Structure formats: C-alpha cells, structure tokens
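Visitor: Generate coordinates for the sequence data below:
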Amino acid sequence: MEWPRAGTASVFEAPHGTVHHYAALAVVSFTGTAFDPAVTDCRKLFPPLTAITARDVSYDPSNCSNLKGTSNVQQALDVLCQGTGGENEDGIHVKGIFLPSGAPLLNDNLFAPGDLLKGIRIDCDEALFDGSVINKNGLPNPVCTLTVELPWPLRGDERQFWGVEGGAIVGFTPVTLAAEVTSRENAITWMPLPPTQKWLNERLLQMFTEMTSQQDPRVLVRLKLAGNFIWGPQRTPKLHLDGEVFGRPADGRVDIGLPSGNGRRGGDLDMWFWLFRRPNVPGVGFVFEEATEVVEELSFPGADEFFEGFGVAGLAAAD
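Guide: Okay, the predicted model is just below:
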C-alpha cells in the first residue's frame with residue numbers, strides 16, 4: 001500500500017468508500033456482570049402523515065400577543081375558540097354618525113335624498129391619520145363608501161332580453177356614489193360631488209318610480225367603513241378602526257349599537273338606511289316643539305317615518 005506522504009511525514013486521509021451515518025437508538029447500562037433492564041429510548045417518534053393532529057404542529061405566538069403562552073396549533077385554537085381570544089385589542093371606535101343638521105343617521109331608517117346633499121359625518125373616539133383616508137395625490141381612498149341598490153334590469157332592451165315584464169324587479173345593482181371623503185382629527189366626512197347631489201335630489205326616486213311604477217319607492221343605501229385601512233393617530237399605524245357593529249331591535253327597525261367594536265382591530269362598519277320621497281301635505285305647515293302631545297291628528301302614507309326622521313319629541317299643526 002502506498003500512503004501519501006509530505007516529505008518524511010504521512011498525510012492524514014479520510015476513509016475512502018461509502019460514508020456511513022449512525023444514530024443512537026437506545027442507551028443501556030452494563031453493571032459489570034449484567035445489563036440493566038431499564039433501557040433509555042433515544043428515538044424521536046412522530047406519527048405518520050395521515051395521523052398528524054394540531055397538537056403535533058408547533059406554533060410561535062411571538063407575533064400574536066393574544067395567543068401568548070401557546071406552543072402548538074391545538075393550544076392556539078383552544079384560546080380562539082373561547083370566544084375572547086385573549087385580551088381585547090386597542091382600536092378606534094365609531095361614536096356616532098350624523099347628518100349636517102346634527103340629527104343621527106339611524107340604521108334601517110327612512111331619509112329623504114335631500115338629507116344627504118350636505119354630507120355625512122362619522123365621529124370616532126380617537127384621532128385619525130388623514131393619509132389613511134386621502135392618498136398623496138389628493139384622491140379619496142375607498143375606505144368610506146355609500147352604495148345605492150338600483151333595481152335591475154332597468155333598460156328596455158335588457159328587460160326584453162331577459163323576459164322581465166315592465167315594472168317588475170328581479171334583482172339589484174350596487175352603484176357607489178361619487179363623493180369627496182376627508183378626515184380631520186377624529187371625524188370622517190363624506191360629501192357627495194355636485195353631479196351626485198343633483199342626481200340624488202332630482203332624478204333617483206323619479207327614475208325609480210318611472211321604471212318600477214312604485215309611487216312610494218324605498219331605495220336601499222349601504223354605508224361601509226373599511227376598518228383594516230383606517231388608522232391613527234400618526235403615519236405609523238398605532239390603532240386601527242374597530243368598526244364592528246351589532247344589530248338590536250328599535251321601534252320596528254333594526255338599530256346598531258354604538259360605540260362600535262368587538263375588541264378586535266380592523267373590523268368593518270356596515271349599516272344601511274332607506275331613501276324615500278318625503279310627502280308634501282298641501283295647506284299644512286309644521287312647527288316642531290318639545291311637546292309630548294299631537295295637537296291635531298295627521299295621517300298620510302309614511303307619516304310615522306316622516307316624523308321619526310326629524311328626531312323630534314312632538315309636533316303641532318300650524319296654519
């Protein structure tokens with residue numbers, strides 16, 4: 001055998017041929033005369049892929065403070081299934097939604113299109129970063145939208161194609177109203193653009209009546225705030241909108257509980273209301289007071305909704 005040399009010294013050589021790897025399977029003890037019956041198993045046992053459970057999968061909760069202390073997926077799921085998911089997260093909450101008159105914009109209530117012409121104000125309990133509402137180009141981000149549900153089909157050719165008789169409604173098409181959305185301190189303001197104001201005030205309900213033959217139409221409007229994209233108080237997000245609201249009964253309609261929130265940041269606020277044609281009563285004027293009694297009984301279609309929309313305690317008839 002010729003062994004490599006460097007000068008007069010032999011050179012170290014690693015073994016040639018197949019490389020073998022070894023793993024300890026167990027540890028046994030020998031007392032000198034016999035083996036100890038206690039054997040330490042060194043194998044790392046794991047279930048087959050078809051039998052892996054959530055408890056077998058590790059989980060790192062370092063990025064989720066409400067799951068602190070969990071080490072596997074099963075433990076994390078158990079915390080989430082408790083309903084609270086740990087401590088409530090800090091967030092921005094909606095305190096109220098108002099018309100320019102100061103009257104609240106109530107969920108599932110009736111309003112005339114003219115009530116919206118000067119916009120809507122949403123008040124929150126924390127300061128907002130205006131850059132989350134308006135981008136650097138001065139354009140509104142799609143974080144506060146009003147959507148009108150228009151009947152479908154409207155066009156005559158579509159009705160003919162789908163075999164829909166005149167005046168019938170088989171569905172609705174959502175139309176997002178063009179508006180300017182701004183924020184200042186803790187308030188968001190939605191203001192319809194001039195063409196939108198004109199369309200709301202002069203054409204919407206008239207068109208609805210012409211196409212559906214409904215003399216007293218109700219048009220559904222949805223208001224949405226995107227909680228994941230509204231934050232404050234500075235450029236670096238510290239708090240996100242917790243806009244989740246929950247329904248509750250209120251005098252024949254569905255109200256929402258405010259302030260908003262369910263303890264989880266990023267929740268959207270979703271609510272709706274209806275546009276209707278506020279009736280005109282010829283020869284009768286109204287003086288709103290803090291009275292609790294109606295001096296003269298008045299009755300006409302939509303009367304209850306008409307007076308409720310003003311949010312007054314009572315009314316009296318006047319010449």
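Visitor: Show me the contact partners of the strand or helix carrying residue 182.
Guide: Here residue 182, judged by DSSP states H and E, is contained in strand 179-184. With Cβ atoms under 8 Å, 6 or more residues apart in numbering as the test, strand 179-184 has contacts from 119, 128-130, 132-134, 140-141, 143-144, 146, 188-193, 196. (Each C-beta comes from the backbone N, C-alpha and C, glycine too.)
Visitor: Cross those residues against strands and list the overlap.
Guide: 144, 146, 188, 189, 190, 191, 192 (DSSP state E).
Visitor: Need the pLDDT of residue 49.
Guide: Residue 49 carries a pLDDT score of 86 in this model.
Visitor: distance of it from residue 77?
Guide: From residue 49 across to residue 77, the span is 20 Å (Cβ to Cβ, to the nearest Å).
Visitor: Compare neighbour counts for the two and give me the winner.
Guide: residue 77 (15 against 6; other Cβ atoms under 10 Å).
Visitor: Could you find the closest non-adjacent residue to the residue nearest to the spatial centre of the chain?
Guide: By Cα atoms, centre = their mean, the mean C-alpha position of the chain lies nearest to residue 268, the distance being 1.8 Å. Nearest residue to residue 268 in three dimensions, chain neighbours excluded: residue 227, at 4.9 Å (Cβ to Cβ, 6 or more residues apart in numbering).
Visitor: Contacts only, for the one you found.
Guide: 240, 241, 242, 243, 244, 265, 266, 267, 268, 269.
Visitor: Between the two ends of stretch 207-221, what distance do you get?
Guide: Distance between the two ends of stretch 207-221: 16 Å, counting by Cα to Cα, to the nearest Å.
Visitor: any idea which of the ones in strands among the contacts of strand 179-184 is closest to residue 254?
Guide: residue 146 (18.2 Å; Cβ to Cβ).
Visitor: Test my guess that the closest one contacts residue 222.
Guide: Yes: contact criterion Cβ atoms under 8 Å: residue 146 and residue 222 qualify, at 7.1 Å.
Visitor: In terms of neighbours, single out the busier of those two.
Guide: Using other Cβ under 10 Å, the more surrounded residue of residue 146 and residue 222 is residue 146, with 21 against 15.
Visitor: From residue 17, how far out is the more buried one?
Guide: Where residue 17 is concerned, residue 146 sits at a distance of 78 Å (Cβ to Cβ).
Visitor: per-residue pLDDT, the nearest residue to residue 131 once chain neighbours are set aside?
Guide: Closest residue in space to residue 131, ignoring its immediate chain neighbours: residue 235 at 6.2 Å, by Cβ to Cβ, 6+ apart. In this model, residue 235 is scored at 86, pLDDT.
Visitor: Just confirm residue 235 contacts residue 129, I think it does.
Guide: Yes: between residue 235 and residue 129 there is a contact at 6.0 Å, judged by Cβ under 8 Å.
Visitor: Compare the two (neighbour count), which wins?
Guide: residue 129 (17 against 11).
Visitor: for the stretch 51-200 of the chain, what spans make up the strands?
Guide: Remark: strands assigned in the stretch 51-200 of the chain by DSSP state E, counting those that start in this stretch are 94-98, 110-111, 120-124, 144-152, 171-176, 179-184, 187-192.
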